[in-house]
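>>> Sequence and predicted model, in that order:
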There are 2 protein chains.
Amino acid sequence: MTSITDLTAEGDIRLALAGLRARAQELSRVADETARVLAAPDGLSTALPAFREFARASVPRWHFAMLNDHERNDALATALERVVPRGGTVLDIGAGTGLLAMMAVRAGAAHVYSCEANPLMAEVARQVVAAEGFADRVTVLSCRSDELVVGRELPGRVDAVISEIVDCGLIGEGILPSIRHARAELLAPGGVMLPRRARLLGLLLQSENAVNLNRVGSASGFDVSRLNSFATPGHFPIRLHTWPHRALSEPVELVSFDFSADPLGPGGRKLAVPVREPGTVHGLAAWFEMDLGGGVTLRNSPENIGSHWMQALVPLAEPLDVEAGSTLVLDLSWSETSLSLA
Amino acid sequence: MTSITDLTAEGDIRLALAGLRARAQELSRVADETARVLAAPDGLSTALPAFREFARASVPRWHFAMLNDHERNDALATALERVVPRGGTVLDIGAGTGLLAMMAVRAGAAHVYSCEANPLMAEVARQVVAAEGFADRVTVLSCRSDELVVGRELPGRVDAVISEIVDCGLIGEGILPSIRHARAELLAPGGVMLPRRARLLGLLLQSENAVNLNRVGSASGFDVSRLNSFATPGHFPIRLHTWPHRALSEPVELVSFDFSADPLGPGGRKLAVPVREPGTVHGLAAWFEMDLGGGVTLRNSPENIGSHWMQALVPLAEPLDVEAGSTLVLDLSWSETSLSLA
């Protein structure tokens, strides 16, 4: 007996295998290019343009906007000047181009260990750090921070942990598990943590355009919702002012994290949000307020349209009609890296 | 003797190798996951969530916004109703979810061959087409259109070639070489081509925010321009109304293509653009006007903020100050897939 469920499971399996085939196809192109390079008379140097094409795919595009975000850069520089222990050692999680690590040296750190999970970005950081004359005070480590061991990559526990691995919804790049690990294993007792704390805020959002960036139903009468298997689960970025939308509530606090004291694990809570205007709720528009220490706060609220960070949209499974004056109760949960509504 | 040039070349080679290492790391994760799945008691079906995660990376996010773009869908459906030869065979280049192929059948095609280079999207299309009951009239081929051979994948030359592999700058997804090949090898003499023709328009753009999405100089006093090796070469997408900007000229025609008659190869031309307002030119903001046939035109001009297509920014190497009433002469060139200014 073949049920619909069996057919769906079979379809899922065929999709999984097709996903592997897509990856294999990509790898095959890399392998072909590598073979071509090795056979070329001048070796690697003649084939740099083709290799740069592959390397380009490893560099997320947001690095450019992020490095040009003066508000962010200035806030980090100011906070570092105020909190970095003079003559201390620092661990920087997520080297990127090495910018924060160099800022920390400029702020008085004796040595910064800067780790970067992306091997290409680690090499970029190494070259930037060397060209700027910081190679003797910044060590770029090509690994994830939770692979670092005191006595192996680090000579001892560090005096400060600094990190700006923060997405539009704060936790999407893994700041919770990274800081949890670093605090337990790598930071000296009483050491400095930057950021110190952060909270997520959000409001009830009506915006069909925004949810339509990550969900399909039918198109011209054809059901194409099969594609939703590949929608981003949990929250996803939207630049709120770009799309028609209505705020149906005031902002409320969604959750807050004290990076020096809280367990920083996955969790959940019930949110009771007073409805200000009648309409259809598609989800929460969310953003963070991050206390970097030294009196410096950084936020990607909807009115901060100059920030390179977008806002986060946490979608509801189904749109919900609400009336003014009522209270909407939502189940918010957060995993290690994503926000979602039950 | 070691010159600066040698050092740069060495740095480039180290970056190329780091790029390969980043790809290898990704492959290693796929291999680990596959091994875990094969060792699982229930095989593939128990590990679908992890596999879906890999598959997700193979589906470009713009598919969602594109499928929700009613203006696009309606224009394509209308044009297909008007131009598809009743009872004819059709080649659809770039199946996606199979939407255009199903539209073509609805418009009267006897059979549609729909090819898709991404193996995962080809499987999605197969499942959508089957679920909608079109499996006997739509054949999804998992390959690039230039790999198709008459007498092998296709029984004969087709009566129509339809395609919407079009990016913000028209040519970025390879419509020029794809149609060039299909016209020469796969389309019957006098066959229908959709789109019929297209032209690119553009204006002189002042917008530091826009060029800063793809270029860095210094950040907080540190030179991080090494990252520019990984900037997108040629044109890149911007949603123009999202960013502060000034138009310093009226729109001018950049280039036009007749898909039935023109050679559709790479080329170039000198543009003389009258300057309307004084300012600093960062590049051209460009968009297309695509004649789908049957009197239907689709455009992603800056005022069409509902379109899922962004506009294209073709950057100048260096910003250029201009005076009102002068004429700026630019060298525009197009490769197989990208627009650039000399």
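Here it is on my side, so go on.
>>> shaky segments in chain A?
Scanning chain A for pLDDT under 70 picks out A:1-8, A:43-44.
>>> Packing partners of the longest strand anywhere in it?
Once chain A is assigned using DSSP state E, the strand that runs over the most residues is strand A:279-293. Under the contact definition 3 or more C-beta pairs under 8 Å, 6 or more residues apart in numbering or on different chains; DSSP states H and E, strand A:279-293 sits against helix A:70-83, strand A:187-194, strand A:197-206, helix A:208-211, strand A:296-299, strand A:311-322, strand A:327-334, strand A:339-341. Backbone N, C-alpha and C define where each C-beta goes, glycine included.
>>> Quickly run through the sheet partners of it, with directions.
Counting by DSSP bridges, the strands paired with strand A:279-293 are strand A:197-206 (antiparallel), strand A:296-299 (antiparallel), strand A:311-322 (antiparallel).
>>> closest to residue A:342 out of these?
strand A:311-322 (8.2 Å; C-beta to C-beta).
>>> Can you tell me which of the helices and strands packed on strand A:279-293 is packed in deepest?
strand A:197-206 (a mean of 23; mean count of other C-beta atoms under 10 Å in any protein chain shown).
>>> Can you show me the CA trace of stretch A:250-264 as PDB?
Extracted in PDB, the C-alpha atoms of stretch A:250-264 (Å, rounded to 0.1, in the frame of the first residue of the first chain):
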ATOM      1  CA  GLU A 250       4.700  49.000  20.100                       C
ATOM      2  CA  PRO A 251       8.200  47.400  20.400                       C
ATOM      3  CA  VAL A 252       8.400  44.900  23.300                       C
ATOM      4  CA  GLU A 253      11.500  43.100  24.700                       C
ATOM      5  CA  LEU A 254      11.700  39.500  23.300                       C
ATOM      6  CA  VAL A 255      14.600  38.200  25.300                       C
ATOM      7  CA  SER A 256      17.800  39.500  26.900                       C
ATOM      8  CA  PHE A 257      21.200  37.900  27.400                       C
ATOM      9  CA  ASP A 258      23.900  38.800  29.900                       C
ATOM     10  CA  PHE A 259      27.000  37.400  28.300                       C
ATOM     11  CA  SER A 260      29.000  37.200  31.500                       C
ATOM     12  CA  ALA A 261      26.300  35.500  33.600                       C
ATOM     13  CA  ASP A 262      23.500  33.800  31.600                       C
ATOM     14  CA  PRO A 263      23.600  30.100  30.500                       C
ATOM     15  CA  LEU A 264      23.300  31.200  26.900                       C
END
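>>> Give the buried residues for that stretch.
A:251, A:254-255, A:257, A:259, A:262, A:264 (16 or more other C-beta atoms under 10 Å in any protein chain shown).
>>> Quick check: the farthest pair among these?
A:251 and A:264 (23.2 Å).
>>> CA atoms of stretch A:106-121 as CSV?
Extracted in CSV, the C-alpha atoms of stretch A:106-121 (Å, rounded to 0.1, in the frame of the first residue of the first chain):
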residue,chain,number,x,y,z
ARG,A,106,45.5,50.0,19.1
ALA,A,107,43.5,50.2,22.3
GLY,A,108,46.4,48.7,24.3
ALA,A,109,46.3,44.9,24.1
ALA,A,110,49.7,43.3,24.2
HIS,A,111,48.6,40.4,22.0
VAL,A,112,45.4,39.4,20.2
TYR,A,113,44.6,35.9,19.1
SER,A,114,42.0,36.2,16.3
CYS,A,115,40.2,33.1,15.1
GLU,A,116,38.3,32.7,11.9
ALA,A,117,36.4,29.6,10.7
ASN,A,118,36.5,30.5,7.0
PRO,A,119,40.0,29.6,5.7
LEU,A,120,39.8,32.2,3.0
MET,A,121,38.8,35.0,5.4
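>>> Is that stretch positioned near chain B?
Yes. Counting by C-beta under 8 Å from any C-beta of the partner chain, chain B is contacted by stretch A:106-121 at A:118-120.
>>> quick one: buried residues of that stretch?
In stretch A:106-121, counting by 16+ other C-beta under 10 Å, buried: A:106-107, A:109, A:111-121.
>>> tell me which residues of stretch A:289-306 are tucked away?
Quick answer for stretch A:289-306 (16+ other C-beta under 10 Å): A:289-293, A:296, A:298-302.
>>> With residue B:124 as the reference, measure out to residue A:78.
Residue A:78 is 48 Å from residue B:124, where distance means C-beta to C-beta, to the nearest Å.
>>> And for residue A:147?
Applying C-beta to C-beta to residue A:147 and residue B:124 gives a distance of 36 Å.
>>> tell me the contacts of residue A:310?
The neighbours of residue A:310, taking C-beta atoms under 8 Å, 6 or more residues apart in numbering or on different chains as the test, are A:168, A:237-240, A:300.
>>> out of those, what pair is the most spread apart?
Within the contacts of residue A:310, A:238 and A:300 form the most distant pair, 11.3 Å apart (C-beta to C-beta).
>>> that older thread, okay if I get the buried residues of stretch A:289-306 as CSV plus distance to residue B:88?
Formatted as CSV, those follow (distance: C-beta to C-beta, whole Å):
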residue, distance to residue B:88
A:289, 60
A:290, 60
A:291, 66
A:292, 64
A:293, 69
A:296, 66
A:298, 59
A:299, 58
A:300, 53
A:301, 55
A:302, 51
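>>> Can you dump the C-alpha atoms of stretch A:36-47 in CSV for me?
In CSV, the C-alpha atoms belonging to stretch A:36-47 read as follows (Å, rounded to 0.1, in the frame of the first residue of the first chain):
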residue,chain,number,x,y,z
ARG,A,36,43.8,22.8,-15.5
VAL,A,37,45.9,24.9,-13.2
LEU,A,38,48.3,22.1,-12.3
ALA,A,39,48.7,21.4,-16.0
ALA,A,40,49.4,25.0,-17.0
PRO,A,41,53.0,25.9,-17.9
ASP,A,42,53.3,28.7,-15.3
GLY,A,43,51.2,26.8,-12.7
LEU,A,44,49.0,28.6,-10.2
SER,A,45,49.9,32.2,-11.2
THR,A,46,48.5,31.8,-14.7
ALA,A,47,45.1,30.7,-13.5
